[in-house]
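Peer 1: What follows is a predicted structure for the sequence shown.
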Amino acid sequence: MVRAVVFDVGETLIDETRIFSRWADRLGVPRGTFLGLIGACAATDRPLADAFRLTRPDVDLDAEISRWATDDPTGLRENFDADDLYPDVRPALAALRDAGLGVVVAGNQPPQARAALEAMDLPVDAIRTSDEWGVEKPAPEFFARVADLAGLPADEIAYVGDRLDNDVLPAAAAGMRPVLIRRGPWGYLHAARPDAARVEVVDSLTELPALLSR
């Protein structure tokens, strides 16, 4: 029986379109080109960083982010805010809380992401990032931290994410109930793969309360 639901961040809760569009502008390439490269990386199982390297082979992302902060100190730059939430997020999280389930957010994110999420006043019990834990998905240690944070055994936790490789299959291996959200480039591509038959797939987070009650 599921007693808590844990959510990935990017393309699960947060629509990253504006983030990557700003990156395209920063790198000096058309937005469609950069978004297309991200899709190509998703389709060919290449890391997201390859989209940046294909655009600018000599790019140093950390240095570029530092320069960007100097150039645009008050802008969002590579970050997100409440305007980037998918529209089903708040109602879905609230419905899960109303159903008596714990709701947690834990994903691969930089240090500032937790503060950005907390500023949204989401109906959640806890928010954590890979940066503060010092371990990233798909490492088993990440999902052990998730279980500790939820305060429940793994088989009483559902993990919801947009990727088979980073999110739901490692969660399943950790003993959690895996749910793939079909959105974002990875979500659509991974939902069409044979391994998606091993997990539950939803098109909206609002499907979760009914799904998890079964």
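Peer 2: Looks like it arrived, so ask away.

Peer 1: make it CA atoms for all contacts and neighbour counts henceforth
Peer 2: OK.

Peer 1: show me where the protein has strands.
Peer 2: Along the chain, the stretches classed as strands by DSSP state E are 4-7, 102-107, 126-129, 157-161, 177-181, 200-202.

Peer 1: Could you dump the ones you listed into CSV with mean pLDDT added?
Peer 2: Shown next, in CSV, are these (pLDDT from 0 to 100):
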stretch, mean pLDDT
strand 4-7, 98
strand 102-107, 97
strand 126-129, 97
strand 157-161, 98
strand 177-181, 98
strand 200-202, 98
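
Peer 1: And the residue nearest to E11 when sequence neighbours are not counted, how close does it get to D84?
Peer 2: Of all residues not flanking E11 in the chain, G184 sits nearest, at 5.4 Å (CA to CA, 6 or more residues apart in numbering). Computed as CA to CA, to the nearest Å, the G184 to D84 distance reads 13 Å.

Peer 1: which ones are touching the residue nearest to E11?
Peer 2: By CA atoms under 8 Å, 6 or more residues apart in numbering, the contact set of G184 is 11, 15, 162.

Peer 1: which residues touch the second one?
Peer 2: When you say that, I think you mean D15. 84-86, 184.

Peer 1: for the residues you listed, which one is nearest D58?
Peer 2: Closest approach to D58 among those (CA to CA): G184, at 27.1 Å.

Peer 1: would JSON lines of the strands of the chain with mean neighbour count and distance to R31 be doable?
Peer 2: As requested, these are exported to JSON lines (neighbours: other CA atoms under 10 Å; distance: least, CA to CA, whole Å):
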{"stretch": "strand 4-7", "mean neighbour count": "24", "distance to R31": "28"}
{"stretch": "strand 102-107", "mean neighbour count": "23", "distance to R31": "26"}
{"stretch": "strand 126-129", "mean neighbour count": "20", "distance to R31": "28"}
{"stretch": "strand 157-161", "mean neighbour count": "27", "distance to R31": "25"}
{"stretch": "strand 177-181", "mean neighbour count": "26", "distance to R31": "24"}
{"stretch": "strand 200-202", "mean neighbour count": "18", "distance to R31": "28"}
